[in-house]
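1. All I have is the shape, not the residue letters:
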């Protein structure tokens, strides 16, 4: 066990090979359970972060679409569509992330709003303080905000 | 597997939460051993892939540095520096990848040569068929290749 922990800190690649071997040969008493738990959990965290970051990009582009109509472009549309497709992919792999998305929307919007101010050069009071889009709208393929 | 265990295929996020809990609680008999092994192994695989891919980017830029001296830029040297730094970090975290990098060099070079031909528009014949740099040179922070301006004693 302690040998495993040393290996984890000193040689990550060798650790992955060793742990996979121990798991497959059923030597469960010898596995580095604490670090495996940490690694498995961090895979879930990274999916959660991906979702959060896609919501930021989506709401940013919806904001720009709504408040800077003169600059609308195919590239914005493509970004919106791509983020929706990738978000669906995340939900397809992990349906349990769907309920978490509702709680992520408002922090994602706060970041998107700051970026929208920086990117458009528009006054910050142009943009609503709280997210003007419902989660369903943000994720729906047919939704684009009207000015 | 307990009968209400979260299925890896059905819900990956819920699976990670559940497996981490079982590991920490020492409930090994309920673990999804095969999929944990697969995931842990794929972390190692992805480090190996990152190493090969950084090596390729590094070699492309060394080749361009060598063959297009008038196009040299801060951006090229920044890319070279960054790839070396990240490769050092990978090797520091996983010293056992070091033997792998020696064998990866020739494979990465062949990709790098194709990319360099594509990116420079120079003919493939301009670039040596096998890697002209030693692994030590490729990884050394101080090394940047210079075209042989005058005959060098090292070259027959």
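-> Happy to help now that I have it. Because the structure is a prediction, the values reported are computed rather than measured. Numbers count the residues shown, from 1 in each chain, chains lettered A, B, ... in the order given.
2. Point out the other helices and strands that the biggest helix by length in chain B packs with.
-> When chain B is parsed with DSSP state H, its longest helix is helix B:33-67. For helix B:33-67, the packing partners by 3 or more CB pairs under 8 Å, 6 or more residues apart in numbering or on different chains; DSSP states H and E come out as helix A:12-24, helix A:33-67, helix B:74-93, helix B:98-120, helix B:135-139. C-betas here are computed from N, CA, C, even on glycine.
3. Can you check which of the ones you listed gets nearest to residue B:13?
-> The closest of the helices and strands packed on helix B:33-67 to residue B:13 is helix A:33-67. By CB to CB, the value is 4.9 Å.
4. near chain B at all, that closest one?
-> Yes: contact of helix A:33-67 with chain B (CB under 8 Å from any CB of the partner chain) involves A:33, A:34, A:36, A:37, A:38, A:39, A:40, A:41, A:43, A:44, A:47, A:48.
5. From the chain's centroid, how far away is that helix?
-> 2 Å (CA atoms, centre = their mean, to the nearest Å).
6. same check, this time on stretch B:98-114
-> 9 Å.
7. if you average pLDDT over it, what comes out?
-> Across stretch B:98-114, pLDDT averages out at 93.
8. cool, and stretch A:70-86?
-> Rounded mean pLDDT across stretch A:70-86 is 96.
9. now do stretch A:35-46
-> Mean predicted confidence for stretch A:35-46 is 97.
10. what does stretch B:71-85 give?
-> Stretch B:71-85 shows a mean pLDDT of 96 in the predicted model.
11. how about it: buried residues?
-> The neighbour-count check on stretch B:71-85 (16 or more other CB atoms under 10 Å in any protein chain shown) flags B:76, B:79, B:80, B:83, B:84 as buried.
12. which residues touch it?
-> B:54, B:55, B:57, B:58, B:61, B:62, B:64, B:65, B:139, B:140, B:141, B:144 (CB atoms under 8 Å, 6 or more residues apart in numbering or on different chains).
13. which among the residues you listed gets closest to residue A:127?
-> residue B:57 (38.7 Å).
14. how about that closest one, what does it touch?
-> Per CB under 8 Å, 6+ apart, neighbours of residue B:57: B:79, B:83, B:112.
15. The second one: what's its closest spatial neighbour, skipping adjacent residues?
-> Read that as residue B:83. residue B:58 (4.0 Å; CB to CB, 6 or more residues apart in numbering or on different chains).
16. now residue A:59
-> residue A:112 (4.0 Å).
17. so that neighbour, which of the three states?
-> helix (DSSP: H, G, I helix; E, B strand; the rest coil).
18. for residue A:132, same thing?
-> Once three-state DSSP is applied, residue A:132 turns out coil.
19. Let me know how buried it is, in neighbour terms.
-> 15 (other CB atoms under 10 Å in any protein chain shown).
20. if I look at residue A:57, how far off is residue A:10?
-> Using CB to CB, to the nearest Å, residue A:57 is found at 38 Å from residue A:10.
21. An error on my part: the question was meant for residue B:32.
-> With distances taken as CB to CB, residue B:32 is found 28 Å from residue A:10.
22. Compare neighbour counts for these two and give me the winner.
-> Using other CB under 10 Å, the more surrounded residue of residue B:32 and residue A:10 is residue B:32, with 20 against 14.
23. centroid residue for chain B?
-> residue B:51 (1.9 Å; CA atoms, centre = their mean).
24. can you pull the contacts of the nearest residue to it once chain neighbours are set aside?
-> Closest residue to residue B:51 apart from its sequence neighbours, by CB to CB, 6+ apart: residue B:90 at 5.3 Å. The contact partners of residue B:90, by CB under 8 Å, 6+ apart, come to B:47, B:50, B:51, B:54, B:97.
25. Please repeat the previous calculation with a cut-off of 10 Å.
-> Contacts for residue B:90 (CB atoms under 10 Å, 6 or more residues apart in numbering or on different chains) come out as A:12, A:13, B:47, B:48, B:50, B:51, B:54, B:97, B:98, B:101.
26. now residue B:105
-> B:52, B:55, B:59, B:112, B:130, B:131, B:133, B:134, B:135, B:138, B:139.
27. What of residue B:144?
-> B:61, B:62, B:65, B:66, B:72, B:76, B:77, B:80, B:137.
28. next one: residue A:102
-> A:134, A:135, A:136.
29. I'd like to know how far the second one sits from chain B.
-> It stands for residue A:135. Between residue A:135 and chain B the distance is 17 Å, computed by CB to the nearest CB, to the nearest Å.
30. now do the first one
-> Counting by CB to the nearest CB, the gap between residue A:134 and chain B amounts to 23 Å.
31. again, but for residue A:52
-> 13 Å.
32. Now for the residue lying closest to that residue once chain neighbours are set aside, how many residues are close by?
-> Closest residue in space to residue A:52, ignoring its immediate chain neighbours: residue A:104 at 5.1 Å, by CB to CB, 6+ apart. Residue A:104 has 19 neighbours, counted by other CB under 10 Å.
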